[in-house]
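Engineer: All I have is the shape, not the residue letters:
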């Protein structure tokens, strides 16, 4: 899946989305292999559990209430490891 990188703040909105509705693109899976980043994700998970997640995960809307992650794949993995819902 190719992503449109020409996203501007003018067409951006901030909303809470269930993690179960987020999809990691094949492109991102190739860049951020979960197994190779386990130690970093564990550290990131600890940080998120202590201070929260100050930077939002950037997504693009897909059909059927799904969203593809554009930026924040490792934060997504860390949030999932904490069993967060959103």
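Structural biologist: Noted; the coordinates are in hand. Since the model is a prediction, treat every value here as computed from it, not as a measurement.
Engineer: use CA for all of it now, contacts and neighbours both
Structural biologist: Fine.
Engineer: OK, contacts around the residue lying closest to residue 57 once chain neighbours are set aside?
Structural biologist: Closest residue to residue 57 apart from its sequence neighbours, by Cα to Cα, 6 or more residues apart in numbering: residue 72 at 4.7 Å. With contact taken as Cα atoms under 8 Å, 6 or more residues apart in numbering, residue 72 is in contact with 56-58.
Engineer: In ChimeraX, select just the buried ones from those residues.
Structural biologist: A single ChimeraX command selects the buried members of the contacts of residue 72 (16 or more other Cα atoms under 10 Å):
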select :57
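Engineer: From the contacts of residue 72, pick the one nearest residue 38.
Structural biologist: Comparing these against residue 38 with Cα to Cα places residue 57 closest, at 18.8 Å.
Engineer: Scan this structure for its longest helix.
Structural biologist: helix 38-51 (DSSP state H).
Engineer: What residues sit buried inside that helix?
Structural biologist: Buried residues in helix 38-51 (16+ other Cα under 10 Å): 41, 44-45, 48.
Engineer: Also stretch 18-36?
Structural biologist: 19, 22-25, 28, 34.
Engineer: Name the residues of whichever strand or helix holds residue 68 that come out as buried.
Structural biologist: Residue 68 is part of strand 66-71, with elements assigned from DSSP states H and E. Under the neighbour-count criterion of 16+ other Cα under 10 Å, strand 66-71 has 66-70 buried.
Engineer: Now do it: which elements does it pack against?
Structural biologist: strand 22-23, strand 58-62 (3 or more Cα pairs under 8 Å, 6 or more residues apart in numbering; DSSP states H and E).
Engineer: can you rerun that using 10 Å?
Structural biologist: On a contact count with 3 or more Cα pairs under 10 Å, 6 or more residues apart in numbering; DSSP states H and E, strand 66-71 meets strand 22-23, helix 26-31, strand 58-62.
Engineer: Perfect, that will be all.
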